[in-house]
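**Student:** turn this into a model:
(one chain, ligands or ions: 1)
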Amino acid sequence: MPNPANIVILTGAGISAESGVATFRGPGGLWEGHRVEDVCTPEALARDPVLVHRFYDARRAALRSVAPNAAHLALARLDEAWPGELLIVTQNVDDLHERAGAKRVLHMHGELRSALCAACGARTAWEGDMLSTSPVRREPVEGPAFPSTPAGEGRGFDRPSPNGEGFVARSCDRCGVPAIRPDIVFFGEMPYQMERIEQAIARCDLFVSIGTSGAVYPAAGFVQTARWHGAATLELNLEPSLGSYLFDETRLGPAGELAPAWVDEVLGNSLM
Ligand code: APR
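**Tutor:** Got it, this is the predicted structure:
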């Protein structure tokens with residue numbers, strides 16, 4: 001493997017599990033509280049925006065009571081020290097990679113601490129909840145306008161929610177339309193920045209997957225793309241995933257133990 005090698009790291013809910021963030025498909029997983037189609041589709045947002053906003057408001061609020069774990073900290077240490085290209089592509093919408101100090105992070109499924117205007121595609125850093133009138137930190141975030149998702153009929157959710165509460169979304173700073181929604185990629189929507197991800201994988205010498213079940217595409221297919229481009233592939237996971245057979249090597253155990261050991265190995269090798 002050329003040194004410095006270019007590295008792509010894919011992370012999933014399993015890397016945040018030891019921080020106390022529920023995974024999606026484990027016992028007590030997030031979706032068990034709700035049917036996916038009730039909280040994570042464009043149709044759900046148009047049909048019952050109050051339920052969807054409450055689901056994501058609760059997840060955003062829960063961020064305040066969790067902290068990065070040893071796996072996040074190890075990846076941040078690698079990010080800091082690695083002289084080659086390195087990209088952490090996370091399926092997670094929490095901010096634990098950033099709070100651990102990682103800089104080269106890409107959230108392919110969006111972020112809880114960002115809001116998207118469904119009318120014009122503007123993104124805004126977001127602290128408060130989508131339903132309250134509490135002030136929110138509004139720092140327009142530069143970067144590609146995201147494909148906006150029509151929020152039901154017309155532009156904005158000006159339809160009463162079926163549970164009887166009238167609901168009008170907050171208005172966008174940029175276009176003024178009441179169409180602010182969670183900046184989360186819902187099922188049926190395209191993940192963010194796929195071209196940038198595919199280019200990084202095409203250039204990488206090492207593809208590492210940490211804490212993901214391999215149940216959801218396109219992320220589940222990244223390892224095949226990496227192999228096709230000749231990269232070495234490594235999986236760190238608590239249990240075999242649906243894609244384990246595709247990896248050169250799979251190490252089983254908690255990410256909080258496996259990731260720091262792997263980072264020590266990689267940094268140790270790079271000194272040779
Ligand atoms: N250390 C390492 N791996 C762990 C740990 C841990 N402490 N705890 C759980 N895991 C593993 C599980 O064995 C499982 O394989 O993490 C994986 C979590 O899988 P999922 O719950 O399916 O989460 P993820 O793979 O991130 O889901 C992908 O699906 O629902 C969508 O958008 C959602 O981004 C999510 C995507």
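**Student:** need the residues of this structure near the ligand, please.
**Tutor:** By Cβ under 6 Å from any ligand atom, the residues of the chain that approach the ligand are 12-14, 17-18, 23-26, 29, 91, 109, 211-213, 215-216, 237-239, 241, 254-255. Glycine gets a C-beta too; all of them are placed from N, C-alpha and C.
**Student:** at 5 Å instead, please
**Tutor:** Residues of the chain lying near the ligand by Cβ under 5 Å from any ligand atom: 12-14, 17-18, 23-25, 91, 109, 211-213, 215-216, 237-239, 241, 254-255.
**Student:** tell me which entries of those residues lie within helices.
**Tutor:** Under the assignment DSSP state H, the residues of the chain next to the ligand contribute 14, 17, 255 to helices.
**Student:** turn these into JSON lines, including neighbour count, distance to residue 97 and pLDDT.
**Tutor:** As requested, these are exported to JSON lines (neighbours: other Cβ atoms under 10 Å; distance: Cβ to Cβ, whole Å; pLDDT from 0 to 100):
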{"residue": "14", "neighbour count": "26", "distance to residue 97": "13", "pLDDT": "97"}
{"residue": "17", "neighbour count": "19", "distance to residue 97": "14", "pLDDT": "96"}
{"residue": "255", "neighbour count": "26", "distance to residue 97": "12", "pLDDT": "98"}
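**Student:** okay, now the residue nearest to residue 17 when sequence neighbours are not counted: neighbour count?
**Tutor:** Take residue 17 and drop its neighbours on the chain: the residue closest to it by Cβ to Cβ, 6 or more residues apart in numbering is residue 23, 5.4 Å away. By the measure other Cβ atoms under 10 Å, the count of residues near residue 23 is 21.
**Student:** before we move on, what about residue 242?
**Tutor:** Per other Cβ under 10 Å, the neighbour tally for residue 242 reads 12.
**Student:** check residue 265 too.
**Tutor:** Look at residue 265: counted by other Cβ under 10 Å, it has 10 neighbours.
**Student:** so it, which of the three states?
**Tutor:** Taking DSSP: H, G, I helix; E, B strand; the rest coil as the rule, one finds residue 265 in the helix state.
**Student:** and residue 209, what helix or strand is that in?
**Tutor:** Counting by DSSP states H and E, the element that carries residue 209 is strand 206-210.
**Student:** check residue 61 too.
**Tutor:** In the assignment (DSSP H and E), residue 61 maps to helix 49-62.
**Student:** picking up where we left off before, can the ones in helices among the residues of the chain next to the ligand go into JSON lines with extra columns for distance to residue 49?
**Tutor:** Listed next are these as JSON lines, based on distance: Cβ to Cβ, whole Å:
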{"residue": "14", "distance to residue 49": "30"}
{"residue": "17", "distance to residue 49": "29"}
{"residue": "255", "distance to residue 49": "34"}
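**Student:** ok, for the residue of the stretch 1-150 of the chain found nearest the ligand, nearest residue in space, not its chain neighbours?
**Tutor:** Closest contact between the stretch 1-150 of the chain and the ligand, by Cβ to the nearest ligand atom, is at residue 14 (2.3 Å). Leaving aside its chain neighbours, residue 14 sits nearest to residue 211 (2.4 Å; criterion: Cβ to Cβ, 6+ apart).
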